[in-house]
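>>> everything below, folded, please.
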Amino acid sequence: MAATPQNPAASAPRRKVSRHRGEGQWAMGHHTPLNGNEQFKKDDDGLNVRTRIETIYSKRGFDSIDPNDLRGRMRWWGLYTQRKPGIDGGKTAILEPEELDDKYFMLRVRIDGGRLTTQQLRVIGEISQEFARGSADITDRQNIQLHWIRIEDVPEIWNRLEAVGLSTTEACGDCPRVVIGSPVAGIAEDEIIDGTWAIDEIQRRYIGSKEFSNLPRKFKSAISGSPLLDVVHEINDIAFVGVEHPEHGPGFDLWVGGGLSTNPKIGVRLGAWVPLAEVPDVWAGVIGIFRDYGYRRLRNRARLKFLVADWGPEKFRQVLQDEYLERELIDGPAPAEPTSRWRDHVGVHRQQDGNFYVGFAPRVGRVDGATLAKIADLAEAHGSGRVRTTVEQKMIILDVVEDQVDSLVEALQALDLTAKPSPFRRGTMACTGIEYCKLAIVETKQRGSALIDELERRLPDFDEPLTINLNGCPNACARIQVADIGLKGQLVLNEAGEQVEGFQVHLGGALGLQAGFGRKVRGLKVTSEELPDYVERVLRRFQAEREDGERFAVWAARAGEEALS
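All right, here's what the predicted structure looks like:
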């Protein structure tokens, strides 16, 4: 057809019409994988890799492992390759995965609710010493991580863990990770409600099930009935927070959509009160929404927090009720403010039964296999044989009779596991860092431990609750955005113009009381060597300028940039 004034498009070039593929949401009919991760999950469920590990890879060695299993599906069983030694942080984003991979693994032991028996702790310690060069780190999600694991040893490690009721099932991967819980559930005098049954029921019904083994990305859960708000509920994909309903009694307030990393978001309340008996069903409904409606096109938008932000809490609750629960949820109250500024359970505390629990602080979560065995010995000698891990990289021994408390505290101190730590020892956390992590840019564990020593020496009388969180990269595994002093590892220039390890500084983040993210002072970066000087300087200014009773986070929010530099 010739072009005419009435039909000008006849001579125009024909545009290629492409069908919009959406965000890869299954519920919208978009099942075609839109990236490599979605493709390998469609090709084979991550849970299926265990058979290949046991029958092929453990017998033929590291070089026999399929790349999609090595850097993908093996995470469903708690296995990540660790960083090859000697690769500096400047090469982290430059090298290919196979250049960063060592032939050893990090193995994450899943500890739902942080609950351990001394038998289980001793087995982890034995595995650490026999297969992991003594390594053991307590994470900020109540797990224990081992390093230097050979693929040849993995089946035997699984056998030993599972013989005492532990596992690594879905400890990593695009699946429901460990369900964190109050470490003193069913123990603490001031508990609102004990969520232990719900954690166990979720684990029994859903962990290791293919119903939720292919999610857009990881899914983090928290359940606690403690008035301390001790499971960082604000930054989980789903959280059940203990509350007292004026008509229905104790239950849980439902939160969704929290998370940190490079795009942090505080979770939102759905305004719903959930009784204990309904927690597993509601959990399954929320994770079902994530599976079906979650964004799968781009990995950096594949967390639940992005869907919640786009939908809003009202729509999210409506979809949960209409499509997944098929009933209305009960409206309920918000949680009260936490009853203490410390939420880690460190120190000596009375239990419901009149005995005591004793929380203690390893250095930035780092222990070793021999120390874990000694902790098990102490727990058996002074308590009933029950131990807990916390979301602050701490540990707790339960059921200590009153006349045994002092001797336990002394024995812990002899192991450098103090139950009476300084604010710096108590409040400093660190991620794995460049020592083992392929994403890291700087060293964290040793740096954090050295910082504790320096601050204790320089500021011996400082007695304010304070959190200092060190992270080796931007991904916020150590929760830098919600720390009083958050330190994000990166390469910086020193006074000589040389590129060295250092940190971008976040100040004034908080959870619980006025939860929010720390501020970044324009251009404020410190080298690792300058870190003790910088923190000392800021804390002395805080002491000099604070108003009566003012928290560090509040002062940091109002202070001028010169005071924070």
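
>>> any idea how many residues pack against the closest residue to Ser340 other than its chain neighbours?
Counting by CB to CB, 6 or more residues apart in numbering, Ser340 lies nearest to Leu228, which is 5.7 Å off, once chain neighbours are set aside. From N, CA and C alone the C-beta is placed, and that goes for glycine too. Leu228 has 21 neighbours, counted by other CB atoms under 10 Å.

>>> again, but for Lys41
Neighbour count for Lys41, taken as other CB under 10 Å: 23.

>>> okay, it: pLDDT?
Looking at Lys41, its pLDDT is 98.

>>> wouldn't it be in contact with Lys210 here?
No. Counting by CB atoms under 8 Å, Lys41 does not reach Lys210; the two are 11.1 Å apart.

>>> pretty sure Ala559 sits against Ala544.
No. Look at Ala559 against Ala544 with CB under 8 Å: they stay out of range, at 10.9 Å.

>>> helix, strand or coil for the residue nearest to Ser340?
Of the three states, Leu228 takes coil under DSSP: H, G, I helix; E, B strand; the rest coil.

>>> ditto for Pro280
Per three-state DSSP, the local secondary structure of Pro280 is helix.

>>> that one against Ile202, yeah?
Yes. Taking contacts as CB under 8 Å, Pro280 lies within contact range of Ile202: 5.2 Å.

>>> can you pull the pLDDT of His31?
For His31, the model assigns a pLDDT of 94.

>>> number of nearby residues for it?
Counted with other CB under 10 Å, the neighbours of His31 add up to 11.

>>> report the secondary structure state of the residue positioned nearest the centre of the chain.
The centroid of the chain falls nearest to Arg141 when counting by CA atoms, centre = their mean (4.5 Å). Under the three-state scheme (three-state DSSP), Arg141 adopts coil.

>>> how far away is it from Leu325?
Between Arg141 and Leu325 the distance is 27 Å, computed by CB to CB, to the nearest Å.

>>> what's the answer for Leu79, then?
According to CB to CB, Leu79 and Leu325 sit 35 Å apart.

>>> of the two, who's got more company?
Neighbours around Leu79 and Leu325, counted as other CB under 10 Å, are more numerous at Leu79. The numbers are 24 against 18.

>>> if we can go back for a sec, of Ala559 and Ala544, who's got more company?
Comparing Ala559 with Ala544 by other CB under 10 Å, the one with more neighbours is Ala559, at 20 against 8.

>>> and for the nearest residue to that one once chain neighbours are set aside, the neighbour number?
Leaving aside its sequence neighbours, Ala559 sits nearest to Glu545 (CB to CB, 6+ apart; 6.8 Å). Neighbour count of Glu545, defined by other CB under 10 Å: 13.

>>> equivalent analysis for Asp69, please.
Residues near Asp69, counting by other CB under 10 Å, number 22.

>>> give the contact list for Ser182.
By CB atoms under 8 Å, 6 or more residues apart in numbering, the contact set of Ser182 is 113, 188, 191, 195, 223-226, 228, 230-231.

>>> the helix or strand harbouring Arg177 packs against which elements?
Secondary structure assignment for Arg177, by DSSP states H and E: strand 176-181. Counting contacts by 3 or more CB pairs under 8 Å, 6 or more residues apart in numbering; DSSP states H and E, strand 176-181 packs against helix 196-206, strand 219-224.

>>> any idea how far Ser261 is from the nearest residue to Gly257 once chain neighbours are set aside?
The shortest distance from Gly257 to any non-neighbouring residue, by CB to CB, 6+ apart, is to Val308 (3.0 Å). From Val308 across to Ser261, the span is 15 Å (CB to CB).

>>> of these two, who's got more company?
Counted by other CB under 10 Å, Val308 and Ser261 do not tie: Val308 has more neighbours, with 25 against 16.

>>> quick check, that one in contact with Gly259.
No. The pair Val308 / Gly259 is not scored as a contact, 9.5 Å apart, by CB under 8 Å.

>>> show me where the stretch 51-200 of the chain has helices.
58-60, 67-70, 97-100, 118-131, 154-163, 196-206 (DSSP state H, counting those that start in this stretch).

>>> the helix or strand of the chain with the lowest mean pLDDT: what's the following helix or strand?
Lowest mean confidence among the helices and strands of the chain (mean pLDDT, DSSP states H and E): strand 519-527, at a mean of 89. Going down the chain from strand 519-527, the next helix or strand is helix 531-545, by DSSP H and E.
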